[in-house]
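Engineer: got a predicted structure here, sequence first:
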Amino acid sequence: MIKKVMALIDKINKKNPQSKAEGSLSNSLDDQDLILILNMIKESAFKGSDVERIYNLVIKVQNQLKDVQSKS
């Protein structure tokens with residue numbers, strides 16, 4: 001699970017090539033970041049013991065995506 005999260009972070013960082021030296025890298029996720037996360041979860045396989053945690057995570061990400069999209 002940790003490897004998948006780290007790979008996800010790497011993909012997000014590659015997708016948003018902002019300079020860390022400039023201090024322009026934001027901790028907030030935009031709609032494209034959130035969609036990428038949801039798609040990566042969709043393409044992944046999880047153990048039965050992780051299903052409830054993944055479900056709750058997906059709900060949170062979907063709600064954040066709705067909030068971001070409604071603000072733009």
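Structural biologist: Perfect, I can see it now.
Engineer: list the contacts of the helix or strand residue 63 falls within.
Structural biologist: Here residue 63 sits within helix 51-71, counting by DSSP states H and E. Contact partners of helix 51-71, identified using C-beta atoms under 8 Å, 6 or more residues apart in numbering, comprise 29-31, 34-35, 37-38, 41, 46. (Glycine included, C-beta is placed from N, CA and C.)
Engineer: again, 10 Å this time
Structural biologist: Applying C-beta atoms under 10 Å, 6 or more residues apart in numbering, the external contacts of helix 51-71 come out as 1, 28-35, 37-38, 41-42, 44, 46-47, 50.
Engineer: how much space separates residue 56 from residue 41?
Structural biologist: As judged by C-beta to C-beta, to the nearest Å, residue 56 and residue 41 stand 12 Å apart.
Engineer: which one's more surrounded, these two?
Structural biologist: Per other C-beta atoms under 10 Å, whichever of residue 56 and residue 41 has more neighbours is residue 41, with 16 against 10.
Engineer: phi and psi next, for the most centrally placed residue in the chain.
Structural biologist: With distances taken as C-alpha atoms, centre = their mean, residue 37 lies nearest the centre of the chain, 3.5 Å away. Main-chain dihedrals, residue 37, degrees, to the nearest 10: phi -60, psi -50.
Engineer: how about it, nearest residue that isn't a chain neighbour?
Structural biologist: In this structure, residue 37 finds its nearest non-sequential neighbour in residue 61, 5.5 Å apart by C-beta to C-beta, 6 or more residues apart in numbering.
Engineer: low pLDDT regions in this protein?
Structural biologist: For the chain, the stretches flagged by pLDDT under 70 are 1-6, 8-9, 13, 15-25.
Engineer: how about 80 then?
Structural biologist: The chain contains residues with pLDDT under 80 at 1-26, 72.
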